[in-house]
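Asks: pasting a predicted model and its sequence here:
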Amino acid sequence: MNGVSYMVDVNTVLEPIAAWFRSLGLPHVIVHWGHPVMMAIVVFVVGSFVGVAGWRGKLLEGKDKDAAFKSRMAHRQLAPWLFLFLAGGYVGGVLALVMHHQPIFTSPHFWTGSLVLLVLLINGAISLGGFGGNKQVLRIVHAYLGSTALLVLFVHAVLGLKLGLSF
């Protein structure tokens, strides 16, 4: 391989897209803080609601069947949207880093975002797989994986704020 790197530089690949967005002349405050503000709404409002609805449905199972069902349905309906918004925000966040000429892979914020999407992808697969035939252990794993993802998202938000203030 004679010392030649075959790694793809993501920043270089995404630079033409970032340059196009820069050419739009958007106000700096939008470019710099748009991603964090929108994602804060997604994480703290939608994410918290999805998590609370999931746990409420689980905790009310034997106590209030109707309330448990409504909470589980709310969780089931909004969780895919949460994942979709987070995935879109992830792409926007990576592009924002490129627009600011920041390295991607050295950012802890990038890695926590990647971890969250991976955990939620696994969690969604558990759910879409019918919890392995409605196995209680998979339902418990699902609940705790989702909660872990939310906790990592809160850490992710702190890291993102620190990142945003650093440049």
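Replies: Looks like it came in fine.
Asks: show me what the strand or helix carrying residue 165 is packed against.
Replies: Assigned by DSSP states H and E, residue 165 falls within helix 136-166. For helix 136-166, the packing partners by 3 or more Cβ pairs under 8 Å, 6 or more residues apart in numbering; DSSP states H and E come out as helix 28-41, helix 48-59, helix 65-99, helix 108-128, helix 130-134. Yep, even glycine has a C-beta here, placed from its N, CA and C like the rest.
Asks: ok, the closest residue to residue 142 other than its chain neighbours - contacts?
Replies: Excluding the flanking residues, the one nearest residue 142 by Cβ to Cβ, 6 or more residues apart in numbering is residue 126, at 4.9 Å. Shown in contact with residue 126 (Cβ atoms under 8 Å, 6 or more residues apart in numbering): 132, 138, 141-142, 145.
Asks: okay, residue 126: pLDDT?
Replies: Per-residue confidence (pLDDT) for residue 126: 97.
Asks: same deal with the one 10 residues further on?
Replies: In this model, residue 136 is scored at 94, pLDDT.
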